[in-house]
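*Asks:* Everything below, folded, please.
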Amino acid sequence: MPQKAQIFTDAFCGDNSSLTKSILEIGIQNLLKLATLLIIEPYTEQHDSIRNMKKKLLPIFIIVLAVNCANGQITKGNWMVGGNGSFSSQKEILNSIDVKGIGIHLSPSAGYFFVNKLAGGLRARFDYAKVEYTGVTSNSSQFGFGPFIRYYFLTPEKNINLFAESAYQYSRNSGSNSASQNSNAFTFSAGPVIYLNSSVGIELTASYELYDIKATGVNTKTFFLSIGFQIHLLRESNNY
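*Replies:* Got it, this is the predicted structure:
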């Protein structure tokens, strides 16, 4: 059983410290014992109490495993791809009129680390909204793209990092009840990223956006929170 735990730990943690590996090996040994109890060994009252105890410890071991073994590849020459998305559904009564609607938002991105901790790239944006009321259906959509630049404040070895980002997007807006219009958006974002392993990070972002449609003179300022992910692609090393 200890040998199996060491294999799992080495595969997941790579070259992390021996102290971290020792702690995690103990946790994985307990998880393997729990699996044996649940699947192989016959039911007894004593085993039932052990099951309950180790089930409660299972989430703790998983969190420790993820946080202690993970760090992001934010060094020169690596790529990152990711983004965020959302879906919303609306149903309300406005002035005795039933209003129904849906909204879809997608924002994929790709970037490259020019130097350690500093990346730049492109981000696309797609928004779609549909509203129905009194037998009338209204559709609107937005497609845009633009550059972004991002800086990570902590060293690449950190399991949790902090970043700041600045981005610009040029968009084309169209709707069933209005002419197509162009818009500009400047966004400033910051937040933490939690690495689940060396390739995948979950981001919690706070953003401030300046949005402008010149044709109509519409200017909006919006603060919003979002959650997204990034996948870091390692640079392939060449040995000569």
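
*Asks:* Which parts of this protein are helices?
*Replies:* Assigned by DSSP state H, the chain shows helices spanning 2-13, 18-39, 45-69.

*Asks:* could you give me the average pLDDT of the first one?
*Replies:* It refers to helix 2-13. Model confidence over helix 2-13, given as mean pLDDT, is 50.

*Asks:* can you pull out the strands in the chain?
*Replies:* Listed in chain order, the strands of the chain (DSSP state E) span residues 79-94, 97-115, 118-133, 136-152, 160-175, 178-195, 200-213, 218-233.

*Asks:* Can you check what pLDDT the model gives Ile60?
*Replies:* The per-residue pLDDT reported for Ile60 equals 50.

*Asks:* which regions of the protein lie under the pLDDT threshold?
*Replies:* Under the criterion pLDDT under 70, the flagged ranges of the chain are 1-72, 235-240.

*Asks:* burial measure for the residue nearest to Thr155 when sequence neighbours are not counted, as a count.
*Replies:* Computed as C-beta to C-beta, 6 or more residues apart in numbering, the closest residue to Thr155 that is not its neighbour in sequence is Lys117, at 7.9 Å. Heads up, the C-betas are built off the backbone N, CA and C, glycines and all. In terms of burial, Lys117 registers 18 neighbours under the definition other C-beta atoms under 10 Å.

*Asks:* For Lys117, list the residues it contacts.
*Replies:* Contacts for Lys117 were tallied using C-beta atoms under 8 Å, 6 or more residues apart in numbering; they are 74-75, 151-153, 155-156.

*Asks:* Start and end of stretch 165-184, how far apart?
*Replies:* Taking C-alpha to C-alpha, to the nearest Å as the measure, stretch 165-184 stretches 17 Å from start to finish.

*Asks:* Any buried residues in it, and which?
*Replies:* Counting neighbours by 16 or more other C-beta atoms under 10 Å, one finds that the buried residues in stretch 165-184 are 165, 167-169, 171, 173, 181, 183.

*Asks:* just stretch 211-221 next, same as before
*Replies:* The neighbour-count check on stretch 211-221 (16+ other C-beta under 10 Å) flags 211, 213 as buried.

*Asks:* which residues sit against that stretch?
*Replies:* Counting by C-beta under 8 Å, 6+ apart, 173, 181-185, 208-210, 222 sit against stretch 211-221.

*Asks:* Please produce CSV containing the buried residues of stretch 165-184, extended by distance to Phe87.
*Replies:* Shown next, in CSV, are those (distance: C-beta to C-beta, whole Å):
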residue, distance to Phe87
Glu165, 24
Ala167, 22
Tyr168, 26
Gln169, 21
Ser171, 20
Asn173, 20
Gln181, 24
Ser183, 22
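
*Asks:* Most widely separated two among those residues?
*Replies:* When the buried residues of stretch 165-184 are compared pair by pair using C-beta to C-beta, the two farthest from each other are Glu165 and Gln181, 26.1 Å apart.
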